[in-house]
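1. Sequence and computational prediction follow.
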Number of protein chains: 12
Amino acid sequence: MKILLIHGPNLNLLGKREPGIYGSKDLEEINAQVRLLAEENEAELKIVQSNSEGALVDAIQDAARWADGILINPGAYSHYSYAIRDALSAVGLPAVEVHLSNIFAREEFRHLSVISPVVEGTVAGLGWRSYTCAMEGLIGILRERGK
Amino acid sequence: MKILLIHGPNLNLLGKREPGIYGSKDLEEINAQVRLLAEENEAELKIVQSNSEGALVDAIQDAARWADGILINPGAYSHYSYAIRDALSAVGLPAVEVHLSNIFAREEFRHLSVISPVVEGTVAGLGWRSYTCAMEGLIGILRERGK
Amino acid sequence: MKILLIHGPNLNLLGKREPGIYGSKDLEEINAQVRLLAEENEAELKIVQSNSEGALVDAIQDAARWADGILINPGAYSHYSYAIRDALSAVGLPAVEVHLSNIFAREEFRHLSVISPVVEGTVAGLGWRSYTCAMEGLIGILRERGK
Amino acid sequence: MKILLIHGPNLNLLGKREPGIYGSKDLEEINAQVRLLAEENEAELKIVQSNSEGALVDAIQDAARWADGILINPGAYSHYSYAIRDALSAVGLPAVEVHLSNIFAREEFRHLSVISPVVEGTVAGLGWRSYTCAMEGLIGILRERGK
Amino acid sequence: MKILLIHGPNLNLLGKREPGIYGSKDLEEINAQVRLLAEENEAELKIVQSNSEGALVDAIQDAARWADGILINPGAYSHYSYAIRDALSAVGLPAVEVHLSNIFAREEFRHLSVISPVVEGTVAGLGWRSYTCAMEGLIGILRERGK
Amino acid sequence: MKILLIHGPNLNLLGKREPGIYGSKDLEEINAQVRLLAEENEAELKIVQSNSEGALVDAIQDAARWADGILINPGAYSHYSYAIRDALSAVGLPAVEVHLSNIFAREEFRHLSVISPVVEGTVAGLGWRSYTCAMEGLIGILRERGK
Amino acid sequence: MKILLIHGPNLNLLGKREPGIYGSKDLEEINAQVRLLAEENEAELKIVQSNSEGALVDAIQDAARWADGILINPGAYSHYSYAIRDALSAVGLPAVEVHLSNIFAREEFRHLSVISPVVEGTVAGLGWRSYTCAMEGLIGILRERGK
Amino acid sequence: MKILLIHGPNLNLLGKREPGIYGSKDLEEINAQVRLLAEENEAELKIVQSNSEGALVDAIQDAARWADGILINPGAYSHYSYAIRDALSAVGLPAVEVHLSNIFAREEFRHLSVISPVVEGTVAGLGWRSYTCAMEGLIGILRERGK
Amino acid sequence: MKILLIHGPNLNLLGKREPGIYGSKDLEEINAQVRLLAEENEAELKIVQSNSEGALVDAIQDAARWADGILINPGAYSHYSYAIRDALSAVGLPAVEVHLSNIFAREEFRHLSVISPVVEGTVAGLGWRSYTCAMEGLIGILRERGK
Amino acid sequence: MKILLIHGPNLNLLGKREPGIYGSKDLEEINAQVRLLAEENEAELKIVQSNSEGALVDAIQDAARWADGILINPGAYSHYSYAIRDALSAVGLPAVEVHLSNIFAREEFRHLSVISPVVEGTVAGLGWRSYTCAMEGLIGILRERGK
Amino acid sequence: MKILLIHGPNLNLLGKREPGIYGSKDLEEINAQVRLLAEENEAELKIVQSNSEGALVDAIQDAARWADGILINPGAYSHYSYAIRDALSAVGLPAVEVHLSNIFAREEFRHLSVISPVVEGTVAGLGWRSYTCAMEGLIGILRERGK
Amino acid sequence: MKILLIHGPNLNLLGKREPGIYGSKDLEEINAQVRLLAEENEAELKIVQSNSEGALVDAIQDAARWADGILINPGAYSHYSYAIRDALSAVGLPAVEVHLSNIFAREEFRHLSVISPVVEGTVAGLGWRSYTCAMEGLIGILRERGK
């Protein structure tokens, strides 16, 4: 089982960036948690972080050649990047969307994600656990589909 | 650790009701999955299902006397029950919202939940796994807060 | 042929309640008219009235076990009860929506019914005749489908 | 008792036009059903079909000289013809609006009819039975008013 | 000086149609008033009434060949006929829009006229005087421009 | 003089529930204040609290048989319960709406009450005094009308 | 017959202010035109111009003591002064609203006047002739009502 | 205890102005009722009425130097005067908003008050009793805060 | 291969009508260009122009009997004629929509065409070339489908 | 070079009024800063503050007779005073709009200024420096235009 | 004649990506078709594809130095990239927008393109023929302008 | 004192790009003006221009390591780049937003900047002086905060 984990813009600042909203773990610590889960499930994990919408589209397209599923925190692009949405639709891999904070309890522009309609599901607001819960969900779905 | 699991209206029909949308497991099978997780984590679990908004408010209020956290799938009430929202705010317990289907990929009225702004987080679209992922997230949060 | 007739909130006040809008027949008189039609068509008729959204959902769910079709005047719940809508979708029985008054000629909030998209059709504005016209329509549809 | 039955644009194509939406009966078959009802009730029936908004307004105006009531399926004009609405208001005859399909379950622009606020009532979604149910309703109303 | 006076749909019913809104003069009486003004000002007047949008467009196009100005009461077409609007723009003659009733004090859909942005000005709510006031305004404007 | 005092959902939690918003008096203390006023004015007072919309509708309908006026804090139902609104319209008793907090200074969904258009008036934001001010207003209105 | 002519804010700059929009006549020249009409009709005319909303309300209120009708160009206040609207409603005198420019062909905020629903009618876009046309209309209406 | 009572535009016409909406008491009678309450509570009362937004802002600013609380009926300014709102915020005195009529049952523009979010609370729809109820509420609040 | 070319309202004025927007070729010159293309492709071409919505619906319905495809410039009807839209859906022939001007760069009401969702595609803004490009596209599509 | 500095409603309370939002300098201190800049640039400065919309319009109109440019903080009137906007358009002097606070980070109604479209530019959110930055900008613009 | 052909995000996946929507030709095949047309018209063609908004802006800017016209399929960026829109405005070259699918028949967010208002015209929904039709249109326009 | 000056997309075309809107100075000339101010204030200045959203996010993130404040003209990204907004929030440095043109007087989509709520303030419409005014404001703010 091969999974691509994508972190969108500004997530490289985790730990330093507004910890009251995003928690105090930095990106490396979160990645470590997800890697642990991957290893326990004998899944291969590749991790990409970029602030560039185009690079995120490239990474999703590239996944079509090797991955079985995608875990993606699109960051601020969640709310307007139809390019990322189209990339996810185009590659057609099962994907789960992740948000550290409860986007529904914040500014109005964060209440809707244009990515959500094309993924399997969404996990939001559980802090770093959003990643691990979503990872478990994705692994379960992939297993069920025989990967 | 004591947790209340609440199922809203029409979830008693699971398995029979539009399985293409909600999956083929019935409510008992999902409850069994969540109970298993509760036992593994030595948590006490109480389960309530009702089609009545008032009864759901009563159950949430009652939880204030004994529970440490709430797992809730408000069903259709997600989209208009400010009474349930106020009950959750009033009792102030950590809560996680669950949806079997990807509500963001369905009719427009399902895209926003009036419950979401007052819970810790939301898990949607992962089928019955939405419950187990959310349960793991809630248990983690409660442990971190010393329950 | 077995039909469930559901009257939503405040319809128990018919005859007394704003007769200029809802007509001067009381609920019993309307029920009698519908019963007559049922008898003429050798259909079994069960009638439920409740002011409680949850009780209406229960009644609809219960119909899945015995009824062939549903005649429903959801009253004020027409305009916001996604729980009743979901119940109707879930049981999947042919249903016809009824309104005594011309809801399109009244306050703006009454112009749209969230129930309408999941029923076969709607009859509105013909006073107590809305019920009998809808009953005839429903019986015709059920016959055509071999009930 | 004298009744004008008006069919709006594209209804002359019935039977051939998208039968999944509009049913397989053609306009003549529907007219025959309504004529039967008229005869049973000793009502005189005149039938007009036109694709032209102006011709429909003319027909409604003309009815003021001879008819007691109007049965109208305004077709697509339902959603924007304030000219037809004004004609119905101007002649002041009791009218019932008819739709073959469940307009509330289709594209959003079909959810509101600008005609509805000026008619007695609306029957929609019952297929060709929408016409006969509406005809029965209209005859009942006219009788009650002593026609 | 040559002027075309256009009456839109349902204005042929004036006097009979809802006199509380539109006044008790019929169309002939109003035309007589406008004709009087035309004669006093040695203007030639041609009058057209039609319920058909296409015929109104034809009449406006035809005016390009002979008229110096247009007086138009577009009736219900005021609120949606971009075809009439485009015809007025295309012929480029000075035009004044007339309404018998105060459209701003009636249903919301009557508050905006899509015709208004392409005419010189609008006179509304003064009953039959709307026509004579508008006629005087139009004659004044045409004189000023040397017609 | 006979008055029904209705408390909607979650008001049974007063004192414990978010005292910064709703004040520190519990429901019993507020009821005692209103009872005092009732006694001073020789009015009979019946008090109902329920979290269930249907039960609130039942209570309002029941008041038609005995009460002269209604004091109602619809809680969260203020913002969507057209069933409660219809019940108040149907019984036709003078009613005054009460809110402890200043609903106009809180979340946007609380700014409009669907109940307000059918009551005599509204008192909001004065804490427990909202109840006593509203009670005095209601008593004055009832006296003026000869109760 | 006694008439109050009210000019709202910035109309004292006429002639100097954006003549392409408002014409080249200054306020005195327009007043002279209206005075001429008043004299021809043996009407008494009082003219007020103010940039202050309060002063305009005062002038309207004052008219209740002596005037038979009001001619008002509310200028920019047309689009938001509910205080002027309420003053016109309160005094209940027949009033006609005037605009020099075609407000429907300019910025969107000018398309709706909050004053229009409470006056008899509106004349807009005819330049200084808007005043004389409106004056003739008002005089006609007052005569008809026996002033 | 010192209180400023402010009446906004057109309230000087009370009694004469649309008594069906605003009641038959004139401003002096209402002021007398409030003065009585002030005397009973040994409060000093100053009363201001103005049709001018600026004068109302001045009066509120002036209150900062001597008053303990403000009772304000902003009239039509309720719906757009952010200047009055800012004045109330700036002086920071406890204030209660008053409306004679039930603004929520009238035209849509009256449903929202831009003043409401910065006052303690609102009393609306109780006729002249709105003033006395609000006055009692304000006195209670001021006493509680030790004035 | 047989093609119907439809020109909507006001297109008969081409060349004379606002050439800055619509170009200087008249309708005959454009028709000649399209005819040339038809001949080069051995396609039969029938051309209809009408200002009447009903006549355009008639022409589309008639095409069902003989044509393989439709080229249509609905003119102003593009923005509101659901009757034309329904006619195109009903006949089910491949159709291409044409606009001379760039409708997306003009008034807001021109940005959306209610016709577009039921045609194969749209060509806009290329002046008379919109017709020839659309014709080539339509011929290509028809050939591909074996006409 | 002659400049008019206008302060709108409630700005006379600066220093005392909500210093967390508007800063701790009072109006005199801010005026002193601007005066200093004026002197350094040999510009004549006149300063006006008023809470009255009409008085602000008067001041702007008056500037047409003597000033070369205008610096204006319209306060709350920014969000609805089309009268002030029209005055600025009418006099046609270069003007710069000033706001102490970051209006884009506050309540939604403050996000748009109806004044902004008719001034040269806007400076907001820099506290008292908004005035000095805007003054420098205005002086630069006036110099460039040869004043 | 020199033309830049720009393909936006995800168009490199053509042929593989949702062929039901985008057709079965891959990008190379489409490019070959356009190249053929370029050669036939002795036009020089440069082709760019990128998933990155910034790279697309760079390419457009670069075209200002060498190209005569631009053919652009902005993909998902059509619906929000004001940066690409500004780039096209800034370089001022004639451009034609291309879409493979009928964007007006898909999700609502695809109905409006923010690019459309700054190009010459748009061709959409004709599959790969959208490119060739648009290319012919662009070549025609460039020739007419003497390139 | 160390300041980062960021220019967003298409600003590298200044001078050449639509000088009527953006002025005739090119980017180098504007940078020279800002550099001069920096030197006068002994501030270190780093300047970045990019058409890529991701590169702008990178530059802002990088500033967290060395800069005291940010001057940013986000260009078209102002209106939709929540990624840039989040970057500015994350680094938490004082920032001032700059626009050459008066964005409030242009197309509606330019009226709101999603960046504005997270910066100190905004300077718009003063041409190249927007930069120098904003730079002076930023330097003042940084000094006040002890940089």
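-> Cool, got the structure.
2. Just the strands from chain A, written as ranges.
-> For chain A, applying DSSP state E gives strands covering A:2-7, A:44-49, A:69-73, A:95-99, A:121-124.
3. can you redo those as JSON lines with distance to chain B?
-> Every C-beta, even on glycine, is put in place using the N, C-alpha and C of the backbone. Below are the strands of chain A laid out as JSON lines (distance: least, CB to the nearest CB, whole Å):
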{"stretch": "strand A:2-7", "distance to chain B": "15"}
{"stretch": "strand A:44-49", "distance to chain B": "18"}
{"stretch": "strand A:69-73", "distance to chain B": "12"}
{"stretch": "strand A:95-99", "distance to chain B": "7"}
{"stretch": "strand A:121-124", "distance to chain B": "2"}
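4. Can you say which of those is packed in most?
-> strand A:121-124 (a mean of 30; mean count of other CB atoms under 10 Å in any protein chain shown).
5. so what does that strand touch, helix or strand wise?
-> On a contact count with 3 or more CB pairs under 8 Å, 6 or more residues apart in numbering or on different chains; DSSP states H and E, strand A:121-124 meets strand A:95-99, helix A:129-144, strand B:121-124, helix B:129-144.
6. Pretty sure residue A:83 sits against residue K:77.
-> Yes - counting by CB atoms under 8 Å, residue A:83 touches residue K:77, with 6.2 Å between them.
7. Can you work out which residues contact both of the two?
-> By CB atoms under 8 Å, 6 or more residues apart in numbering or on different chains, residue A:83 and residue K:77 have these common neighbours: K:8, K:9, K:53.
8. what comes up buried for the least confident helix or strand in chain A by mean pLDDT?
-> Ranking every helix and strand in chain A by mean pLDDT, DSSP states H and E puts helix A:19-22 at the bottom, with a mean of 86. Within helix A:19-22, the residues scored as buried using 16 or more other CB atoms under 10 Å in any protein chain shown are residue A:22.
9. residues making contact with that helix?
-> A:14, A:100, A:101, A:106.
10. Swap in 6 Å and give it another go.
-> Defining contact as CB atoms under 6 Å, 6 or more residues apart in numbering or on different chains, one finds that helix A:19-22 is touched by A:14, A:100, A:101.
11. Now do the last one: how many residues are near it, please.
-> Residues contacting residue A:101 under the criterion other CB atoms under 10 Å in any protein chain shown number 19.
12. If you drop the residues flanking it in sequence, what lies closest to it?
-> Residue nearest to residue A:101 in three dimensions, not counting chain neighbours: residue A:21, with 5.1 Å by CB to CB, 6 or more residues apart in numbering or on different chains.
13. Also the second one?
-> Once its chain neighbours are removed from consideration, residue A:100 has its nearest residue in residue A:22; the separation is 5.1 Å (CB to CB, 6+ apart).
14. One more: the first one?
-> Distances taken as CB to CB, 6+ apart place residue A:27 nearest to residue A:14, at 4.6 Å, with adjacent residues excluded.
15. Enumerate every residue touching the one you found.
-> By CB under 6 Å, 6+ apart, the residues touching residue A:27 are A:11, A:12, A:14.
16. my guess is the second one contacts residue A:49, does it?
-> Yes - with contact defined as CB atoms under 6 Å, residue A:12 reaches residue A:49; the gap is 5.3 Å.
17. pLDDT score for the residue of chain A found nearest chain K?
-> Minimum separation of chain A from chain K (CB to the nearest CB) falls at residue A:54, amounting to 2.6 Å. Note on residue A:54: pLDDT of 98.
18. and the gap between it and residue K:13?
-> Distance, residue A:54 to residue K:13, by CB to CB, to the nearest Å: 14 Å.
19. what do you get for residue A:72?
-> Look at residue A:72 and residue K:13: by CB to CB, they are 18 Å apart.
20. Likewise for residue A:90?
-> Remark: distance between residue A:90 and residue K:13 (CB to CB) = 5 Å.
21. These two: which is more packed in?
-> Counted by other CB under 10 Å, residue A:90 and residue K:13 do not tie: residue A:90 has more neighbours, with 24 against 19.
22. wait, the more buried one sits on residue K:14?
-> No - Residue A:90 lies out of contact with residue K:14 (CB under 6 Å); the separation is 9.4 Å.
23. residue nearest the centroid of chain A?
-> By CA atoms, centre = their mean, chain A has its centre lying nearest to residue A:72, at 1.7 Å.
24. Quick check: closest non-adjacent residue to that one.
-> residue A:6 (4.3 Å).
25. And the pLDDT at residue A:24?
-> 88.
26. circling back: in a markdown table: the helices and strands packed on strand A:121-124, plus distance to residue I:43.
-> Listed next are these as a markdown table, based on distance: least, CB to CB, whole Å:
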| stretch | distance to residue I:43 |
| --- | --- |
| strand A:95-99 | 47 |
| helix A:129-144 | 52 |
| strand B:121-124 | 53 |
| helix B:129-144 | 57 |
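27. want to throw those into a markdown table with mean pLDDT?
-> Below are those laid out as a markdown table (pLDDT from 0 to 100):
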| stretch | mean pLDDT |
| --- | --- |
| strand A:95-99 | 98 |
| helix A:129-144 | 97 |
| strand B:121-124 | 98 |
| helix B:129-144 | 97 |
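28. between these, which gets nearest to residue K:43?
-> Using CB to CB as the criterion, the shortest distance between residue K:43 and these is 41.7 Å, found for strand A:95-99.
29. Need the residues that contact that closest one.
-> Applying CB under 6 Å, 6+ apart, the external contacts of strand A:95-99 come out as A:70-73, A:88, A:115-116, A:119-124, A:130-131, A:134, A:137-138.
30. if you set the cut-off to 8 Å instead, what comes out?
-> Under the contact criterion CB under 8 Å, 6+ apart, strand A:95-99 has outside partners A:69-74, A:78, A:88, A:113, A:115-116, A:118-125, A:130-131, A:134-135, A:137-138, A:141, B:125-126.
31. from chain A, which residue is nearest to chain E?
-> Across chain A, the shortest distance to chain E (CB to the nearest CB) belongs to residue A:108, at 26.6 Å.
32. So which bits of chain A are right by chain B?
-> A:96, A:102, A:104-105, A:111-113, A:116-127, A:129-130, A:132-134, A:136-137, A:140-141 (CB under 8 Å from any CB of the partner chain).
33. Please name the residues that touch the residue in chain A that chain D sits nearest to.
-> Among all residues of chain A, residue A:117 sits closest to chain D, at 17.4 Å; criterion: CB to the nearest CB. Residues counted as contacts of residue A:117 (CB under 8 Å, 6+ apart) are A:85, B:102, B:104, B:105.
34. cutoff 10 Å now
-> Residue A:117 sits next to A:85, A:88, A:89, B:102, B:103, B:104, B:105, B:106, B:111, K:107 when contact means CB atoms under 10 Å, 6 or more residues apart in numbering or on different chains.
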